[in-house]
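Trainee: starting from these lines, generate the structure:
(one chain, ligands or ions: 2)
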Amino acid sequence: PLVSTGALVSHAAAKQRAVAAFNVITLEHVEAVIAGAEAAKSPVVLQISENAVKFRHGQLLPLARAAVHAAEAAAVPVALHLDHVTEDDLLRQAADAGFSSAMFDAAHLPYEQNLAATRAATDWAHTRGLWIEAELGEVGGKDGRPPLDAHAPGARTDPDEARRFVADSCVDALAVAIGSSHAMTSRTAALDHVLLTRLDEALSVPLVLHGSSGVPDEELAAAVAGGIAKVNVGTALNIVMTDAIRRHVADRPTEVDPRSYLAVGRQAMTDHVTHLLGVLGASG
Ligand code: G3H
Ligand code: ZN
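Mentor: Ligands and ions are numbered 1, 2, ... in the order given. Presented below is the predicted three-dimensional model:
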């Protein structure tokens, strides 16, 4: 069934677990994430990013409608989240399209501007019942910029600033910069667990980890134990999908039916989702 992100995250946080939120680009991603979650008997969040909407020529509804339909038919609870939104117009579309939450991303702006933009977005979103996540500090590697393999300590989230930001912006969850970076293709990120503990102590809202594809399994499990309640994964699915498709078509030069390679790409993503849900303690 389709459920709300806020309910899934609070439930997980109360049990010191995390909800996994997977970025979906194609219908095969949607099907794979749900199949992987069903195999793990775990709830899951499907996230559509503003970038994924741009890929669909600016159209939110084709993939969102498919995701809502798939979520409603799923054997496990599935929520729909709009990820890394910068445009107010897109945020406004989300409330009518089945999304229960969004991540409003003004983290690239100086503190006061990030706060003002986030507060305005949150005030509006709360009138529509949307749960809002924002980011303070900067998880690098967005928009095709090179991932920060050695995440700059200067970009990390400061606990005192974070406490003020959450109080003044009224957000429901905070994405924290603790050493992960977006779009990493190797799992070599080292998280700052001391900083995570300080952030967890300073803040009463759930904490979100972005750029989780670059974080090794043991580090992910430790982050959940340290207070991360939502784990965002995008690139890892694209890696396993593309690797599987690349191998499949290379071995079959005469194959032309997209179903043949999309099926193997989808299965590779399904297996990875099931694996990660186990790592996060979400299975069962
Ligand atoms: O919001 C999306 C996540 O932060 C995904 O990051 O593609 O590096 O796993 P990733
Ligand atoms: Zn992200």
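
Trainee: and the helices in this structure?
Mentor: 5-14, 27-40, 50-55, 61-73, 88-94, 111-127, 159-169, 193-202, 217-225, 235-251, 258-279 (DSSP state H).

Trainee: list the contacts for Gly278?
Mentor: Ala40 (Cβ atoms under 8 Å, 6 or more residues apart in numbering). For glycine as for every other residue, the C-beta is placed from the backbone atoms N, C-alpha and C.

Trainee: get me the contact residues on the stretch 1-150 of the chain for ligand 1.
Mentor: Contact residues, the stretch 1-150 of the chain versus ligand 1 (Cβ under 6 Å from any ligand atom): 23, 83-84.

Trainee: hmm, back to that, could the helices of the chain go into CSV alongside distance to Met184?
Mentor: Shown next, in CSV, are the helices of the chain (distance: least, Cβ to Cβ, whole Å):
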stretch, distance to Met184
helix 5-14, 24
helix 27-40, 19
helix 50-55, 16
helix 61-73, 24
helix 88-94, 26
helix 111-127, 24
helix 159-169, 23
helix 193-202, 18
helix 217-225, 12
helix 235-251, 7
helix 258-279, 15
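
Trainee: tell me the most buried of those?
Mentor: helix 27-40 (a mean of 22; mean count of other Cβ atoms under 10 Å).

Trainee: next one: phi and psi at the residue of the stretch 51-200 of the chain found nearest ligand 1?
Mentor: For the stretch 51-200 of the chain, the residue closest to ligand 1 is His182, as judged by Cβ to the nearest ligand atom, at 4.2 Å. Main-chain dihedrals, His182, degrees, to the nearest 10: phi -70, psi 150.

Trainee: thinking it is in contact with Val139, fair?
Mentor: Yes - His182 lies in contact with Val139 (Cβ atoms under 8 Å); the separation is 6.0 Å.

Trainee: neighbour-wise, which of the two wins?
Mentor: Neighbours per residue (other Cβ atoms under 10 Å) separate His182 from Val139, with Val139 holding more: 28 against 22.
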